[in-house]
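>>> got a predicted structure plus its sequence, pasted below:
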Amino acid sequence: AFYNLISSFKIVSLGVSILIGIIIAKSIGKPIQKIAESCDIIASGDFSKEIDSSLLLRNDEVGSLAKGFKKIEDSINGIFHEIKNSVQIIADSSKELSSKIEEISSGAQSQAENTMNVSEATVSFKESMNKVLDNIRNQVAGVEEVSASVTEIAQSSEEVTKNAELTLKLSTDTADTAKV
């Protein structure tokens, strides 16, 4: 009967040990499974779900693991928000830069148009100056013709004056001869 009692005690002890093992396994396994599920959710890109707060309150290895994971989660969230803010700053800067480039392009186009207008005005001015120069040349030629005519008239006037003087002398001589 003593052996039966010891065998019964062994069986009960084995059953209690298995039961305690199952309880310990569940008390460690389920929280670790929850942490693993949170890891999978964050790994998929969903940063909105946080780790179960009851795991953070534990004072055992699972609690330490949960707190370590929470720090990693917070760090990733912080980095994610910094990246999001940086992307927004870059987008805003890109819009501003695009606006400035449009202004520069518009200014360059306006300058090109003004340069074209100045070029056209310069060509027109040159053509006008060539016409003025042609007119001046024509006037100079006309003045030279008038000058030549005036010189001819002056020469003719001198001949007329000489002829008039000669006629006067002849008239005077004839009148003197007739008086005698």
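All right, it came through fine. Note that the coordinates shown come from a computational prediction; the quantities given were computed from them, not determined experimentally.

>>> okay, residue 106: pLDDT?
Predicted confidence (pLDDT) for residue 106: 90.

>>> quick one: low-confidence parts of the chain?
The model of the chain has pLDDT under 70 over residues 1-2, 180.

>>> so in it, which helix runs the longest?
helix 61-179 (DSSP state H).

>>> from the chain's centre, how far out does that one sit?
30 Å (CA atoms, centre = their mean, to the nearest Å).

>>> tell me what it is packed against?
Packed against helix 61-179, as judged by 3 or more CB pairs under 8 Å, 6 or more residues apart in numbering; DSSP states H and E, are the following elements: helix 2-43, helix 53-56. Placement of C-beta: from N, CA and C, glycine included.

>>> which of those sits closest to residue 133?
helix 2-43 (86.7 Å; CB to CB).

>>> which strands or helices does the closest one pack on?
helix 53-56, helix 61-179.

>>> distance to residue 36 added to those helices, as a markdown table?
Shown next, in a markdown table, are those (distance: least, CB to CB, whole Å):
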| stretch | distance to residue 36 |
| --- | --- |
| helix 53-56 | 12 |
| helix 61-179 | 10 |
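
>>> residue 20 is nearest to which of the ones you listed?
helix 61-179 (17.1 Å).

>>> between that closest one and helix 2-43, how many degrees?
10 degrees (axes from the mean of the first three to the mean of the last three CA atoms, to 10 degrees).

>>> who's in contact with stretch 119-138?
Outside stretch 119-138, not one residue touches it by CB atoms under 8 Å, 6 or more residues apart in numbering.

>>> just the CA atoms of that stretch, as PDB, please.
Output in PDB follows, covering the C-alpha atoms of stretch 119-138 (Å, rounded to 0.1, in the frame of the first residue of the first chain):
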ATOM      1  CA  SER A 119      16.400  95.200 -81.700                       C
ATOM      2  CA  GLU A 120      13.400  96.100 -84.000                       C
ATOM      3  CA  ALA A 121      13.600  99.700 -82.900                       C
ATOM      4  CA  THR A 122      17.300  99.800 -83.600                       C
ATOM      5  CA  VAL A 123      16.800  98.400 -87.100                       C
ATOM      6  CA  SER A 124      14.000 100.900 -87.700                       C
ATOM      7  CA  PHE A 125      16.200 103.800 -86.400                       C
ATOM      8  CA  LYS A 126      19.100 102.600 -88.700                       C
ATOM      9  CA  GLU A 127      16.800 102.600 -91.700                       C
ATOM     10  CA  SER A 128      15.500 106.100 -90.700                       C
ATOM     11  CA  MET A 129      19.100 107.400 -90.300                       C
ATOM     12  CA  ASN A 130      20.000 106.000 -93.700                       C
ATOM     13  CA  LYS A 131      17.100 107.900 -95.300                       C
ATOM     14  CA  VAL A 132      18.200 111.100 -93.500                       C
ATOM     15  CA  LEU A 133      21.700 110.500 -94.800                       C
ATOM     16  CA  ASP A 134      20.500 110.000 -98.300                       C
ATOM     17  CA  ASN A 135      18.400 113.200 -98.000                       C
ATOM     18  CA  ILE A 136      21.500 115.100 -96.800                       C
ATOM     19  CA  ARG A 137      23.500 113.700 -99.700                       C
ATOM     20  CA  ASN A 138      20.800 114.800-102.100                       C
END
